[in-house]
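# Just a sequence and a predicted model for now, questions to come.
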Amino acid sequence: MKNIFSIKFLLVCVFILGCNAKKDINKEMGYTVVESKIDKRKYKDNGRQYYAVTVGLHGDQNIAEKNARGFAQAEFSDKMETMVQSMGKITSSSTLKNTIGKLSIEDQTKLLTKAVATELQTIEEELSYREVNGQIEYKYTGVFKIDLDDIITGWVQSQ
């Protein structure tokens, strides 16, 4: 009985020391990481607003942000078919629906493609870094949004 208790106690001690050793290894390796506080779960697509949560990594913080923005544009391009279908269903007013309804699928896709490049809204952003052996790598996390109501309204006003 004493042997079983001794073995269990020894395993618990090894586990606790092992967890502490991992923290010390990270410190010795030079890692300084700021964890993300962006809650990705609250940004869900609905029929009118589409979100992309992306991360850009680079040694220059401005390039890290540009990378994240580029990844968001690519993600919105992947969602293009869904966005075109939703744009046809928006019923904010009958005049607006008739105007958009007259556009072909190709024209709606062109409108959305242009909007993804120019109308991308930054909702939330966070910059963190990691330092390894004197080299800093920035991590830019951004939440980007495309609002179909704004795109349609802007397009109608420009006509």
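Everything's here; your move.

# Which element is encountered next along the chain beyond the worst-scoring helix or strand of the chain on mean pLDDT?
Ranking every helix and strand in the chain by mean pLDDT, DSSP states H and E puts helix 2-29 at the bottom, with a mean of 56. Where DSSP states H and E defines the elements, the next helix or strand beyond helix 2-29 is strand 49-58.

# I'd like to know the average pLDDT value across that next one.
Per-residue pLDDT over strand 49-58 has a mean of 92.

# just stretch 63-74 next, same as before
The average pLDDT within stretch 63-74 is 94.

# What residues sit buried inside that stretch?
Going by neighbour count (16 or more other Cβ atoms under 10 Å), the buried part of stretch 63-74 is A64, E65, N67, A68, R69, F71, A72, Q73. Using the backbone N, CA and C atoms, a C-beta is placed for each residue, glycine as well.

# Please work out which residues outside the host helix or strand of the fifth one touch it.
This points to R69. R69 is located in helix 61-78, with elements delineated by DSSP H and E. The contact list for helix 61-78 (Cβ atoms under 8 Å, 6 or more residues apart in numbering) reads 50, 52, 54-58, 83, 113, 116-117, 120, 125, 127, 138-142, 144, 146.

# could you flag which of those residues are buried?
50, 52, 54-56, 58, 83, 116, 120, 138-142, 144, 146.

# Show me the chain divided up by domain.
The record's domain parsing of the chain by automatic domain parsing lists 1-30, 34-158.
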